[in-house]
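Trainee: Give me coordinates for this.
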Amino acid sequence: MLISDAVRRCQQQAKAASASITYRTATSALRRDVVASPIHNGAAGQILLTIEPARRDMFSKERRTLLDRLGPLNMGMVYVYDLAAHRTSYVQKELLDLLGIPPAGIDFDAIRERMHPEDVPNFINHLAQLASMNDDAVSDVTLRMLAPDGRWLPIRSRARVFARDASGAVRKTIGTATDVSEHYALSQALEAAAHALAIAETSERRRVGRELHDSTVQHLVAMDLSLTALERRISLHLEGGSALHDTRTALSAAQREIRTFSFMLHPPELEERGLPDTLRAFADGFARRTGLRISVDVVGASQSLSLDLELALFRVMQEALMNVHRHARARSVGVLLRYEDQQVSLQVEDDGVGLSDPAVRSVGVGVSGMQARMTQLDGRITLEPGLVGLRVVASAPARTVAAPQRPVRSGLSDADILMSAPIQGIA
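Mentor: Okay, here's the model as predicted:
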C-alpha cells in the first residue's frame, strides 16, 4: 500500500516520491526507503523504483549520547540547528544551563528574543550563509545573548552542514558555541594597559622634548656664540680656521636636528584641531625646519573618527616624513587624506630615491611601528613605488564617533602646541 501511494504521487506530481517500509528477517527488522522516480527520457508513464537504506533518526539516543560525550572535548558547547523547522534539535546541557534554554530546545523567535537587537541582522545573515554553504565550509559569527542573570554574554558560534534533505538542500547544521566573555575582558584590560602606557610615554616624551628645546638647544646656542667670540679675538692659521668653520657647521646642523626632533615631540593638538588641520599644521612646521615642500590634500567629506584611529594616521605621517627627511633625499612630499564610506586612508608620497637606496630599504623600525599601530585597528601599511620616489599608504576601517565640540584656537606657537599621545620609534 505504501509503495502504491508513492507511485501514485510520483505520477500525479511528476517528481520523485518515497515510502519507508519495514520487513523482518529471522533475526532482525530492516527499514528501507522505496523511491519512485519518473523516467523523463523513456516511455510515457514509466517510473523507476529504487530501494535505498532508510535514513536513520539523526538524534537517536545513541547519537545524543555521542554528542554529549564529545562536547567537553571541544572548545565550545555543541548544538544542532534545524533550518527546516527553524529551531534547535539538540543543545548540549552546558549551553542549556548557560543561556537558560529549556531541554526541549528553542525556536528561531525565542533565540531572536534572547539576542541583542543589534546582532539580529548578523544572526539572520549567518543562517542564510549556512543554507547556501557546501559541506566543507564553516560559518563563524559572534552574538550577544541574554543570560538568565541579565548579563549580555558574547557567544562565538562556528557551524557547518550536518544533514541535507532528498533534494540536496541544507536541512540541519551542527556547531559549537563558546562563551568568549573572558577573552573580551582580557582584551579590554589589554586596551586599558596600553592606554595607561601611552599616557606615561606621552608624559616622558613631552618632558624630553621640552628639555631638548629649553636646555640642550640653548647650550648649543651658547657654544655657537662662544665660537663666534673666539673667532673675533684670536687669529687662527689656515688649518685652525678651517677646523673652526667645520665645527660651527656641525654645530648648526646639530641645532637644526634637535629642533626638528623637539618639534616631533611637540606636535599640534589632535583632539582640539581635528585630523585634517593637525596634518596641515604639522606639515607646515616640518617643512620650515627641513626645507621640504609638503602639500596636504583631503578627499571626501571629513568624518569625526575615533581618536585612536586619528592618532594612528597622524603618527604614520610623522614617521613617513621623518624617514623622507633622513633617507629619501627628496625635495617635495604629497600627503593625501581620503575619507570613504567604510574606510579612511592616508598616503605619503615623496620624489626621492625610492626603494632602490639601501638606506630606504632599511627603515624597518619606523615601518614596524607604523604597521603595529594600524594592525591594532584592523588596518595595514603598504610601501610601493611612487611616480618618482616612495609611496606609503595606511588604510583602516573608518571608526566614527559623535562629532566633538573642538575649541577654536589660533596663533599657536611651537612652544604652545603639545600632543596628548606618544610617538613611535623613528627609523
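
Trainee: So for the chain, the centremost residue is which one?
Mentor: residue 378 (2.3 Å; C-alpha atoms, centre = their mean).

Trainee: ok, now which ones touch that one?
Mentor: For residue 378, the contact set (C-beta atoms under 8 Å, 6 or more residues apart in numbering) comprises 396-397. Glycine gets a C-beta too; all of them are placed from N, C-alpha and C.

Trainee: Could you do the one 4 residues further on as well?
Mentor: For residue 382, the contacting residues are 392-393, taking C-beta under 8 Å, 6+ apart as the criterion.

Trainee: buried stuff in whichever strand or helix holds it?
Mentor: Of the helices and strands defined by DSSP states H and E, residue 382 is found in strand 380-385. Neighbour counts over strand 380-385 (16 or more other C-beta atoms under 10 Å) mark 381, 383 as buried.

Trainee: cool, stretch 299-306 as well?
Mentor: Buried positions in stretch 299-306, judged by neighbour count with 16+ other C-beta under 10 Å: 303, 305.

Trainee: quick check: mean pLDDT across that stretch?
Mentor: Averaged over stretch 299-306, pLDDT sits at 85.

Trainee: quick one: which helix or strand includes residue 19?
Mentor: strand 17-24.

Trainee: Repeat that for residue 229.
Mentor: Taking DSSP H and E as the definition, one finds residue 229 inside helix 217-233.

Trainee: Also residue 34?
Mentor: Applying DSSP H and E, one finds residue 34 within strand 29-38.

Trainee: Then residue 166?
Mentor: Judged by DSSP H and E, residue 166 forms part of no helix or strand.

Trainee: That one: neighbouring residues, count only.
Mentor: A count of nearby residues for residue 166, using other C-beta atoms under 10 Å, gives 12.

Trainee: My guess is it contacts residue 16. True?
Mentor: Yes. Residue 166 lies in contact with residue 16 (C-beta atoms under 8 Å); the separation is 7.2 Å.

Trainee: Excluding chain neighbours, what is closest to residue 299?
Mentor: Nearest non-adjacent residue to residue 299, counting by C-beta to C-beta, 6 or more residues apart in numbering: residue 338, 4.6 Å away.

Trainee: helices and strands around the helix or strand hosting the one you found, which ones?
Mentor: Following DSSP H and E, one finds residue 338 within strand 332-339. Counting contacts by 3 or more C-beta pairs under 8 Å, 6 or more residues apart in numbering; DSSP states H and E, strand 332-339 packs against helix 275-290, strand 293-299, helix 307-323, strand 343-350.

Trainee: quick one: contacts for the closest residue to residue 16 other than its chain neighbours?
Mentor: In space, and not counting its chain neighbours, residue 16 is closest to residue 37: 4.5 Å by C-beta to C-beta, 6+ apart. Residue 37 makes contacts with 10, 16, 47-48, 50, as judged by C-beta under 8 Å, 6+ apart.

Trainee: Could you report the distance from residue 37 to residue 339?
Mentor: Going from residue 37 to residue 339 by C-beta to C-beta, to the nearest Å gives 59 Å.

Trainee: What of residue 326?
Mentor: Counting by C-beta to C-beta, the gap from residue 326 to residue 339 is 30 Å.
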